[in-house]
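Participant: coords below, sequence missing:
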């Protein structure tokens with residue numbers, strides 16, 4: 001059996017867990033996430049702990065049990081703490097600003113890039129070169145960060161572009177005579 005699936009998920013006292021069929025809903029205050037568990041995975045919720053196991057002993061079901069456990073754990077962390085990713089904008093004249101729910105990026109193109117913030121995501125711009133993406137859904141936060149980075153990936157020669165805060169970028173050496 002999957003090593004990940006063997007470990008139970010312990011639900012804190014301040015998080016409410018509701019099970020309806022194959023759906024697990026975790027909520028705390030106004031934050032709520034629901035995960036519909038795959039049919040190849042059986043789970044049980046007892047004594048503030050959720051345990052997962054495959055319904056069959058096939059490779060697919062065993063792998064899926066670990067995956068479902070990890071996804072429910074991500075929902076628990078998102079509801080209780082939330083996810084946050086910091087981005088940095090590098091380059092002369094490159095900047096970011098926020099107007100309402102629209103992130104406006106100036107990244108060296110002939111026009112500014114307007115990015116509409118998806119529902120469930122909060123974007124903050126503490127300075128012109130910093131962007132903070134926050135949310136409770138790990139997948140949605142990661143996809144939003146990937147979309148913003150895709151507008152201008154870091155240049156391997158000068159390092160200009162949008163990168164994660166603290167990301168190490170190895171610059172290539174330029175052309176020699």
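Facilitator: Perfect, I can see it now. A quick note: this is a predicted structure, and the numbers were derived from the prediction, not measured. Numbers count the residues shown, from 1 in each chain.

Participant: CA atoms for contacts and neighbours, from now on please.
Facilitator: OK.

Participant: how far does the helix or strand containing residue 24 sit from the chain's center?
Facilitator: Residue 24 belongs to strand 23-28 when assigned by DSSP states H and E. Distance of strand 23-28 from its chain centroid, counting by Cα atoms, centre = their mean, to the nearest Å, is 18 Å.

Participant: could I get the average pLDDT for the one helix or strand residue 64 maps to?
Facilitator: Secondary-structure element containing residue 64, defined by DSSP H and E: helix 59-80. Across helix 59-80, the average pLDDT comes to 93.

Participant: other residues contacting it?
Facilitator: By Cα atoms under 8 Å, 6 or more residues apart in numbering, the residues outside helix 59-80 that reach it are 1-6, 9, 11, 15, 24, 26-28, 31-35, 37-38, 40-42, 52-56, 135-138.

Participant: coming back round to it: can you name every helix or strand that the strand holding residue 24 contacts?
Facilitator: Packed against strand 23-28, as judged by 3 or more Cα pairs under 8 Å, 6 or more residues apart in numbering; DSSP states H and E, are the following elements: strand 16-20, strand 31-36, helix 59-80.
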